[in-house]
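Sharing a model that was predicted from the sequence below.
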Amino acid sequence: MFSRFYWVLLRNLHHLYMIPQMGYMAKHPEKYSEEKRYATNVLCVRRMCKPGRITTIGCGVENLPKEGGYIMCPNHQGKYDALGIFLTHHKPCSIVMDIEKSYFPLTKQFIDNVQGKRLDTKNVRQSIRIIKEMADEAKKGRKFIIFPEGGYCHNGNNTTTFKPGAFKSAVWARCPIVPVVLINSYLCFEYHSLKPVTTYVYYLKPLYYDDYKNMTTVEIATLVQNRIQKILDQYKSGTLKLPE
């Protein structure tokens with residue numbers, strides 16, 4: 001069966017102009033507002049979803065903090081994960097990504113257009129600098145996505161160990177941590193199928209600074225992972241009610 005990922009690319013050849021367009025916008029933020037650049041990225045995702053027969057539904061959006069910056073911490077299932085969040089998160093947000101995967105065509109322009117961060121996990125000094133930048137920007141109201149699992153390992157609707165370092169920026173910024181549950185995201189681009197797929201992005205109630213100020217980052221990581229896994233377990237058991 002033909003890969004959905006390559007099918008989406010093939011069906012969007014007439015939209016290839018968006019790659020240099022996003023690259024130009026990223027280089028000239030003085031000309032384009034954060035909202036405009038974010039909207040362009042979202043449009044790009046929508047144009048992927050239609051031929052890819054992907055539907056993404058956001059749940060718990062009312063749980064997102066109304067003001068200020070925060071760090072979203074989702075489980076990691078595959079290439080579609082961040083795209084699903086962009087579709088359902090209506091305010092501009094940015095993303096932290098492994099530096100080794102961030103320079104592929106389209107990915108590079110996508111990341112640059114939202115002023116994303118590239119994290120080199122093999123370089124301690126660089127990692128600390130990026131975490132500090134995130135903390136400083138979150139204090140000023142920016143919103144970030146970071147995947148505490150690091151990478152993904154085709155684990156479907158299950159989590160692997162959340163890394164404590166992913167939560168340092170939130171601790172330093174004293175900002176809310178929003179656990180985000182991704183459901184069925186792995187079905188989009190990790191399997192050779194063109195069957196229609198519905199994914200869910202479930203925003204859980206945030207942890208505010210007063211909730212975690214006396215906890216270590218190891219304890220925070222465990223708490224967030226357990227909350228996400230609980231929702232995944234409910235989904236798998238059929239006890240979680242989701243919109244269709």
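Looks like it came in fine. Numbering: from 1, shown residues only.

And for the helix or strand of the chain with the lowest mean pLDDT, what's in contact with it?
Least confident helix or strand, the chain: helix 4-11 with a mean of 91, by mean pLDDT, DSSP states H and E. Applying CB atoms under 8 Å, 6 or more residues apart in numbering, the contact partners of helix 4-11 are 48, 51-54, 79, 188-189, 191-194. From N, CA and C alone the C-beta is placed, and that goes for glycine too.

give me that answer again for 6 Å
For helix 4-11, contacts defined as CB atoms under 6 Å, 6 or more residues apart in numbering pick out 48, 51-52, 189, 194.

Same question for stretch 155-166.
The contact list for stretch 155-166 (CB under 6 Å, 6+ apart) reads 75, 146, 148-150, 186, 217-218, 221, 225, 228-229, 232, 236.

Could you report the distance from Tyr202 to Ile177?
To Ile177, Tyr202 is 15 Å away according to CB to CB, to the nearest Å.

Neighbour count: those two, which is higher?
Ile177 (26 against 23; other CB atoms under 10 Å).

What count of nearby residues applies to Ser33?
11.

Packing partners of the longest helix seen in the chain?
Longest helix of the chain, by residue count under DSSP state H: helix 217-237. Here helix 217-237 touches strand 177-183, going by 3 or more CB pairs under 6 Å, 6 or more residues apart in numbering; DSSP states H and E.

where's the most centrally placed residue in the chain, which helix or strand?
In the chain, the C-alpha nearest the mean C-alpha coordinate belongs to Ala82, at 3.3 Å (CA atoms, centre = their mean). Per DSSP states H and E, Ala82 falls inside helix 81-88.

how far does that helix sit from the chain's center?
Put simply, helix 81-88 sits 6 Å off its chain's centre (CA atoms, centre = their mean, to the nearest Å).

Also stretch 226-235?
Centre-to-centre, stretch 226-235 and its host chain are 18 Å apart (CA atoms, centre = their mean).

can you pull the contacts of the residue nearest to the centre of the chain?
Going by CB under 6 Å, 6+ apart, Ala82 touches 95, 145.

And it, how close does it get to Ser94?
Plainly put, Ala82 is 10 Å away from Ser94 if you go by CB to CB.
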